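**Student:** next comes the sequence, and after it the predicted model I'd like to discuss.
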Amino acid sequence: MTVFSNDALIGEHILITGATGGIGYEAAKEAVRTGAHITITGRNEEKLESLKEECKKLNSKAEVFVGPADINIEDDRKQLVQNAKESIGPITGLVNSAGIGGGAPLDDLTEEQLRKPMELNYFSTVLLTQEVYKDMKEQKRGSIVNLSSLSGLRGTHSNIAYSSSKFAIIGFTQSLAIEAIEYNVRVNAICPGFVDTPMGRQAIANIGKREGRSYEKQREISEEALPSGRISTPEEVARSIVYLLTDACENIVGESLKISGGGVMR
C-alpha cells in the first residue's frame, strides 16, 4: 500500500545509508516507487546489488547507484558523495538510516560497547551529513531525514549506549534544522519503536533474555503493551521517511515523528 503518487519525488536524488538494513532497504524501494533516483550505500555489496535489482523492477526509469562504503571512514564518506554526484547528479535528499543497536546496564557496560553506537549512529551520521549539506546549502534545496528512535526520546533499562546515541541524533536534528531552513533545507527525524527487522527482533530477544523469557513470549508481551497491538513494519517506517522527503510537508521542520503504535504519546 502507498499513499503517494508515482511522481512525488520525481527528479530528486536521494542518498540512503544503511540500505542493507530493514528500514533502509524498504526506504530505497519506496523512494523509487515515488519517482526518485537513489544512491544506496552499506557494507554488503552483494545485498546492495540485490536491492538495486528490486528497485529497477519497481521503476525501470529510476537511476540506482550502488556505492559500497563504511561511513565510519572519512575517505569512504567523501568518495561516496563524490561518486553519487558524478553518477546521478546533485543530492537533494538524505536518509541517515545506518545504525547499530546493543546495550548493557551501566555496571556491565564496556568502553567499546559505549563507543561503537555513538561512532556509527551519531558521529558518522553528522559527518556524512556535513558532506551532503554543503551542496544542499549552495543549491538552496534539500531534505534530510535522520533515523532516531523512541529510545532517543526516553530511556529504557540496559540501553544506555544506544539510547544516548539516539538522543544525540535528536539534538543534531533540531540544531541543524534551525541552521538549514534558512537555505530551504528541511531536517527532521523518525523515531520508531520496535520494528519487525533483525535489529528490532534482537532487541526484543535481549529483553526476553534479561527477563528469563523466550523471544516469542517477550514479543507477545511487547505487542500486548501497545494500544495498536503490534510492532511496526519496516514498510510503515519507510513510508513515513518518504513523506518527510516530499514537498507535502514543506513547513515540517526539526520534528521527531514517533511511530510507536500508541506506546508513546508525548
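**Tutor:** On my side now, so go ahead.
**Student:** list the contacts of residue 183.
**Tutor:** Residue 183 sits next to 136-137, 140 when contact means C-beta atoms under 8 Å, 6 or more residues apart in numbering. C-beta here means a position set from N, CA and C on the backbone, and glycine is covered the same way.
**Student:** again, only using 10 Å
**Tutor:** By C-beta atoms under 10 Å, 6 or more residues apart in numbering, residue 183 lies in contact with 133, 136-142.
**Student:** save those residues as TSV, and put in pLDDT, neighbour count and distance to residue 126 too.
**Tutor:** Below are these laid out as TSV (pLDDT from 0 to 100; neighbours: other C-beta atoms under 10 Å; distance: C-beta to C-beta, whole Å):
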residue	pLDDT	neighbour count	distance to residue 126
133	98	21	10
136	98	24	15
137	97	16	15
138	97	11	19
139	96	14	21
140	97	10	21
141	96	17	21
142	98	25	16
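**Student:** the longest strand along the chain packs against which elements?
**Tutor:** Of all segments of type strand in the chain, defined using DSSP state E, the longest is strand 185-192. Secondary-structure packing of strand 185-192 (3 or more C-beta pairs under 10 Å, 6 or more residues apart in numbering; DSSP states H and E): helix 22-33, strand 93-96, helix 125-139, strand 142-147, helix 160-180, helix 234-245, strand 256-259.
**Student:** after that strand, next one along is what?
**Tutor:** helix 198-211 (DSSP states H and E).
**Student:** let's verify residue 15: helix, strand, or coil?
**Tutor:** Following DSSP: H, G, I helix; E, B strand; the rest coil, the label given to residue 15 is strand.
**Student:** quickly list what it is bridged to.
**Tutor:** Judged by DSSP bridges, the bridge partners of residue 15 are residue 39, residue 94.
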